[in-house]
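**Q** Sequence below, structure please.
(one chain, ligands or ions: 1)
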Amino acid sequence: MADRLTVLITGSDGQLGTELRKLVRKGDCHVGRFLFVDIDVLDICNRADVHHYFKTNHIDVVVNCAAYTAVDKAESDADAAFAVNRDGVAILAECCVEEGAYMIHVSTDYVFDGRGSIPYKESDAVNPTGVYGQSKWEGEEKMREKGVDGMVIRTAWLYSAFGHNFVKTMLRLGAEREQISVVADQHGTPTWAEDLARAILSIMQKCDFKTRHGLEIYHYTNEGECTWYEFASAIMQMAGKTCQVMPISSDEYPASCRRPAYSVLDKSKIKEEFGLDIPLWDDSLQKMLDELKGMNEPNSKESWR
Ligand SMILES: NC(=O)c1ccc[n+]([C@@H]2O[C@H](COP(=O)([O-])OP(=O)(O)OC[C@H]3O[C@@H](n4cnc5c(N)ncnc54)[C@H](OP(=O)(O)O)[C@@H]3O)[C@@H](O)[C@H]2O)c1
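**A** Okay, here's the model as predicted:
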């Protein structure tokens, strides 16, 4: 078991970063000292700053939550997506190699083209369908090229009570409209960022990073699968919204990026190696909605940023 590590969390104001901060502040992880930084303190694309930060703070482990995550916008903003998701990751990997730090990086189900029909394993061939997926894949490859000791955890359809995501959009539309249309031909698994954060902290507590060499890929999402239409229907139902959800095809929904039709991930490897018990997506959705409701109550003071 690891102890007394200095752990750097980059992109810490995003969904996953905020969930990690929330759990660490609640006392859910005792591996050492955590440094939470977002772009205002540490831009992962700034090579000199990242080198300086690593040297000054003696980083043992970095959990990279920094990313360009606007999937549709990336199609017309490719330079920005590649700068963060590929080049920023390369800079972090380089610094980890130089300083002997271990790198935990988060990637995406969108590295797959979605032509499969059984859950994707880590060893399955990738073939991204858009700029975002391509930039994330090239980030993974940069880690390999730099020879960093680390792991890539690919996840999918992330949501949280913090930040912008599909669940919050559905809740807003559910309050504004009587009917909405949602694509029913893309299959995946919604993942509560708190569950992923918990998994990362659990891995951190179980691993002796000094004895782990090379790069390993893992898949982590919640259990189960659904379409965006089924996800939206569950959100409306659990939140008590009367808004009717209508199924449509991807062809009927204008989006700049073509998303994979099937991107369910096989999680056997991460479950077996780290003894993780992963919650079902709809159980976690209910918990997130409960948390959000608590945060919206008049006397709530919860803020983890
Ligand atoms: N969201 C999903 O549905 C999803 C699905 C699969 C995989 N993932 C992956 O999961 C990880 C976490 O995603 P998330 O949803 O938590 O992302 P997020 O909420 O978009 O958070 C990303 C954070 O990184 C920051 N950032 C952007 N550029 C940066 C830079 N150059 N240096 C430092 N920080 C920077 C962002 O700041 P700004 O907000 O100011 O840009 C934001 O605070 C990412 O690797 C993502 O690719 C996400």
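**Q** mind listing what's buried in the host helix or strand of Lys22?
**A** Under the criterion of DSSP states H and E, Lys22 resides in helix 15-25. Residues Gln15, Leu16, Gly17, Thr18, Glu19, Leu20, Arg21, Lys22, Leu23, Val24 are the ones in helix 15-25 that count as buried (16 or more other Cβ atoms under 10 Å). (C-beta placed from N, C-alpha, C; glycine too.)
**Q** Next, give phi and psi for Leu280.
**A** Dihedral pair for Leu280: phi -70, psi 150, per degrees, to the nearest 10.
**Q** give me the residue from the stretch 151-300 of the chain nearest the ligand.
**A** The minimum distance from the stretch 151-300 of the chain to the ligand, using Cβ to the nearest ligand atom, falls at Leu158 (3.5 Å).
**Q** so that residue makes contact with Glu194?
**A** No. Leu158 is beyond contact range of Glu194, at 10.3 Å (criterion: Cβ atoms under 8 Å).
**Q** can you give me the helices for the stretch 1-150 of the chain?
**A** Using DSSP state H, counting those that start in this stretch, the helices assigned to the stretch 1-150 of the chain run over residues 15-25, 47-57, 78-82, 89-99, 131-146.
**Q** and the stretch 151-300 of the chain, which of its residues are near the ligand?
**A** When proximity is defined by Cβ under 6 Å from any ligand atom, the stretch 151-300 of the chain lies next to the ligand at Thr155, Ala156, Trp157, Leu158, Gly163.
**Q** make it 8 Å
**A** Neighbours of the ligand within the stretch 151-300 of the chain, by Cβ under 8 Å from any ligand atom: 154-160, 163-166, 191, 193, 196.
**Q** Could I get the contacting residues of Met236?
**A** Met170, Gly174, Thr242, Cys243, Val245 (Cβ atoms under 8 Å, 6 or more residues apart in numbering).
**Q** at 10 Å what do you get?
**A** By Cβ atoms under 10 Å, 6 or more residues apart in numbering, the contact set of Met236 is Met170, Leu171, Leu173, Gly174, Ile180, Val182, Thr242, Cys243, Gln244, Val245.
**Q** Check Leu265 too.
**A** 108-109, 112, 119-122, 124, 154-156, 188-189, 191, 218-221, 225.
**Q** tell me the phi and psi of it?
**A** Per-residue torsions, Leu265: phi -100, psi 140 (degrees, to the nearest 10).
**Q** Skipping its backbone neighbours, what lies nearest it in space?
**A** Counting by Cβ to Cβ, 6 or more residues apart in numbering, His219 is the residue found nearest to Leu265 once chain neighbours are left out, at 3.8 Å.
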